[in-house]
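J.: this one's structure only:
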């Protein structure tokens, strides 16, 4: 197969993967705390020909390979909700939640109180404090969450100020190793232990929105689609040229 076909095919394969990444970002434009994925490409050069009868050095052929994806952890916009249980994290920290598979991490601060009085995520996973799950009493009123994550309430008829716990915030030395598990949760990944985060701050009554730039991602989707179509047309033309050449060679008198 000619080099043009190989180069075109390699580019189409990477475009297909890039489209998957872009489409996933677009689908999560409205997902709280979502962090956009980005594609990482790398040039691959083939070695030159080694036949002894080549008069000159053969040119190397440049392909493109889909090396990996990386995650953009830049801060998303903080949207006020006026819900005292909602929190947004300013900084690199994550909330810690308890799941059937163990501790997981999230930036989605849309929190609720379940029937057992536990502070939970929208998916029902208990949010962990420094001393375990944070539990409220039926008589608790006016929940306050401080910038350092401390959770306090006014308790009972006497409205005594009581502490219910402190949100456990963690960060990671190698955040790119975090593994997305769906439902806005991350696993730490191999050799990537969570560390206590004392620099991130909590904003009560706010939700961090997705950091996906919808306009940029839609433009990128159009660009990928057009590029794929152009390469397909080029490969079709190349195939037609080969077919025409073979037909003309077949007509050459013996």
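T.: Thanks, I have it. None of the values given here were measured: they were computed from a predicted structure.

J.: contacting residues for residue 70?
T.: 37, 38, 40, 176 (C-beta atoms under 8 Å, 6 or more residues apart in numbering). (Glycine included, C-beta is placed from N, CA and C.)

J.: Looking at the residues you listed, which is nearest residue 81?
T.: Ranked by distance to residue 81 (C-beta to C-beta), the contacts of residue 70 are led by residue 37 at 26.2 Å.

J.: That closest one and residue 136: what is the separation?
T.: 36 Å (C-beta to C-beta, to the nearest Å).

J.: ok, back up a step: tell me which of the contacts of residue 70 has the lowest pLDDT.
T.: pLDDT across the contacts of residue 70 is lowest for residue 40, at 74.

J.: okay but that residue is in contact with residue 68, surely?
T.: Yes. Under the criterion of C-beta atoms under 8 Å, residue 40 makes contact with residue 68 at 4.8 Å.

J.: nearest residue to residue 86 other than its sequence neighbours?
T.: Among residues not flanking residue 86 along the chain, residue 207 sits closest, at 5.2 Å (C-beta to C-beta, 6 or more residues apart in numbering).

J.: That neighbour belongs to a strand?
T.: Yes. Counting by DSSP: H, G, I helix; E, B strand; the rest coil, residue 207 is found in a strand.

J.: Just list whatever residues bridge to it.
T.: Here residue 207 sits in beta bridges with residue 79, going by DSSP bridges.

J.: Contacts only, for it.
T.: With C-beta under 8 Å, 6+ apart, residue 207 has these contacts: 32, 33, 78, 79, 81, 86, 88, 108, 109, 110.

J.: Check the gap between it and residue 11 for me.
T.: 39 Å.
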